[in-house]
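Asks: Prediction below, plus the sequence it came from.
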Amino acid sequence: MIADNTCLCSFQDVCHPDPGHDCEIREPIMADDGSGSDISIPSFLMFKQDADLVKAELMANHVVRMEMQWSLPAPDDRVEYELWTTPTDTISKDFQREFKEAAVALEDRAYFTPQMYIYDGLRSGCVSLDGENECYNLCTNNGRYCATDPDNDLDRGISGADV
């Protein structure tokens with residue numbers, strides 16, 4: 001278990017920040033900074049308000065028993081999974097081809113949802129001052145939602161807007 005050392009702003013009524021730490025607006029993300037490649041045990045990040053209670057028990061020399069549990073959002077017997085990718089993601093193409101056999105074998109015991117990353121056309125300069133699309137066929141909604149061109153040919157085939 002890994003304990004966060006910063007309170008979420010939304011829990012300030014039950015969480016007391018450590019000296020020198022302000023509250024954080026967003027939930028923390030537990031990610032590998034490159035130094036965790038040798039860790040192969042399951043690990044969880046606990047919110048500070050929960051971790052403080054556990055630490056207090058440990059400091060009082062009490063035995064603490066914890067259980068890791070995952071909730072299943074779907075009431076049926078299907079496994080639900082998603083694949084997040086971009087149309088031009090060449091790195092995962094082999095995986096996608098090889099996984100097809102497993103996906104077909106799962107048939108009605110699984111629910112697959114492909115997800116495509118899109119980017120903000122406003123922040124990317126794809127919307128002109130008069131509200132028109134400035135990024136050709138990569139965007140929809142007058143340049144607001146954009147994706148890379150899957151076949152890298154802006155004049156033919158599938159466009160970013162099609163994604």
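Replies: Ah, there it is. This structure is a prediction, so every number in the text was calculated from the model and none was measured.

Asks: what about the chain, any weak spots by pLDDT?
Replies: Along the chain, the parts satisfying pLDDT under 70 run over 36, 39-40, 42, 70-75, 87.

Asks: Do a quick rundown of the helices in it.
Replies: 48-59, 93-106 (DSSP state H).

Asks: For these, could you give me CSV that also reports mean neighbour count and distance to residue 80?
Replies: The C-beta positions use only the backbone N, C-alpha and C, and glycine is treated the same way. Below are those laid out as CSV (neighbours: other C-beta atoms under 10 Å; distance: least, C-beta to C-beta, whole Å):
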stretch, mean neighbour count, distance to residue 80
helix 48-59, 15, 27
helix 93-106, 10, 11
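
Asks: how about JSON lines for those, with distance to residue 121 added?
Replies: Shown next, in JSON lines, are the helices of the chain (distance: least, C-beta to C-beta, whole Å):
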{"stretch": "helix 48-59", "distance to residue 121": "37"}
{"stretch": "helix 93-106", "distance to residue 121": "26"}
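
Asks: With respect to residue 85, which of these lies nearest?
Replies: Smallest distance to residue 85 across the helices of the chain (C-beta to C-beta): 7.7 Å, for helix 93-106.

Asks: Report all helices and strands that the closest one contacts.
Replies: Counting by 3 or more C-beta pairs under 8 Å, 6 or more residues apart in numbering; DSSP states H and E, the packing neighbours recorded for helix 93-106 are strand 79-85, strand 110-116.
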